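Peer 1: just coords:
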């Protein structure tokens, strides 16, 4: 019986990068964007250190790349919404490119935090922080007790603290 050497990131990259790039290009519609996501995919593979145990490399790569695509589309949506909001602002208050980048990054962190919350906790947080609703109004809207709204807010605030501690 012949034992084959365990695959390495190098062999995985050489064998599947072209396929992954094409697959991403069809989804993104941009060669440069596809190349960036393909590179990020292999960086994730490298960080995970799971190459030696892969049985279905294309399935693994496409799963990672698909998650990165979701993040890519989410980021584009947030950027568009932010830029649309800037159009409504006075030109004298327009942020610098650096401030824009920092704001978009912060929005991405908040979006990721909100995605971790259960739907009612997310809605309670947004109603409180964005719309300025009282806990009583939120409780009535969500058809839960005020105590439950406080619990939802505690969950959201914990996620905010975790973001702040990572910064």
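Peer 2: Received the coordinates, thanks. It should be emphasised that the depicted structure is a prediction, and the values quoted were computed from it without experimental measurement. Numbers count the residues shown, from 1 in each chain.
Peer 1: which helix or strand contains the residue positioned nearest the centre of the chain?
Peer 2: The geometric centre of the chain, computed from its C-alpha atoms, lies nearest to residue 71 (C-alpha atoms, centre = their mean), at 4.0 Å. Taking DSSP states H and E as the definition, one finds residue 71 inside helix 57-87.
Peer 1: can you tell me which helices and strands that helix packs against?
Peer 2: Helix 57-87 is packed against helix 9-28, helix 31-48, helix 97-116, with contacts defined by 3 or more C-beta pairs under 8 Å, 6 or more residues apart in numbering; DSSP states H and E. Where you see a C-beta, it was placed from the backbone N, CA and C, and this is true even at glycine.
Peer 1: pretty sure residue 136 is touching residue 146, no?
Peer 2: Yes. If you go by C-beta atoms under 8 Å, residue 136 and residue 146 touch, sitting 5.8 Å apart.
Peer 1: between those two, who's got more neighbours?
Peer 2: Higher neighbour count among residue 136 and residue 146: residue 146, with 14 against 10, using other C-beta atoms under 10 Å.
Peer 1: having no further points to raise, I will conclude here.
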